[in-house]
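Trainee: Have a look at this fold, sequence not included:
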């Protein structure tokens, strides 16, 4: 829901994704992973051992990130459009970068920490991702309107 493969590919780039996939997945020396494998696995229908491994690796990381974000924003009833217009896809991409890294360094850890702090602020209500729904305090009573118009002179 929060993770988009096209957004992750455009943010990280194929070479970074290829490095992460090569470092995380079991290498097949007879058939090495290529950028075309990543493109087909994430944007198309995976065929072949490399593409199936890449797809399951990416989908597992996306499931983890979606679960973390959903834990923070579950109290909001968000539509797909509201998610796309909010800052949640950016937070998801920061968390995905950490999840996909084969050796996360200080940069990835700092970005993950900042993303989780943003989610804390969203959960606390400091950052609003959805306009609050006005609450009714009961039924509305109306009185017959009074008029100063003199109907007899009309």
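Mentor: Everything's here; your move. Source: prediction; values computed, not measured. Numbers count the residues shown, from 1 in each chain.
Trainee: how about residue 27, secondary structure?
Mentor: Assigned with DSSP: H, G, I helix; E, B strand; the rest coil, residue 27 falls in the coil class.
Trainee: Please determine how far it is located from residue 76.
Mentor: With distances defined as CB to CB, to the nearest Å, the gap from residue 27 to residue 76 amounts to 42 Å. Using the backbone N, CA and C atoms, a C-beta is placed for each residue, glycine as well.
Trainee: More neighbours: those two, which one.
Mentor: When residue 27 and residue 76 are compared on other CB atoms under 10 Å, the one with more neighbours turns out to be residue 76, at 15 against 11.
Trainee: For the more buried one, which non-adjacent residue is spatially closest?
Mentor: Counting by CB to CB, 6 or more residues apart in numbering, residue 76 lies nearest to residue 130, which is 5.2 Å off, once chain neighbours are set aside.
Trainee: Could you pull up the contacting residues of that neighbour?
Mentor: Going by CB atoms under 8 Å, 6 or more residues apart in numbering, residue 130 touches 76-78, 82, 86.
Trainee: For the longest helix along the chain, give me every contacting residue.
Mentor: Ranked by residue count and defined by DSSP state H, the top helix of the chain is helix 49-73. For helix 49-73, the external contacting residues (CB under 8 Å, 6+ apart) are 1-3, 5, 8, 21, 24-26, 28, 31, 33-34, 37-38, 40-42, 46, 88, 91-92, 95-96, 99-100, 116, 119-120, 122-123, 129.
Trainee: Sitting in helices, which of those do you find?
Mentor: Secondary structure defined by DSSP H assigns 5, 8, 21, 24, 37-38, 40-42, 88, 91-92, 95-96, 99-100, 116, 119-120, 122-123 of these to helices.
Trainee: List buried residues within the residues you listed.
Mentor: Among these, those scoring as buried are 5, 8, 21, 37-38, 40-42, 88, 91-92, 95-96, 99-100, 116, 119, 122 (criterion: 16 or more other CB atoms under 10 Å).
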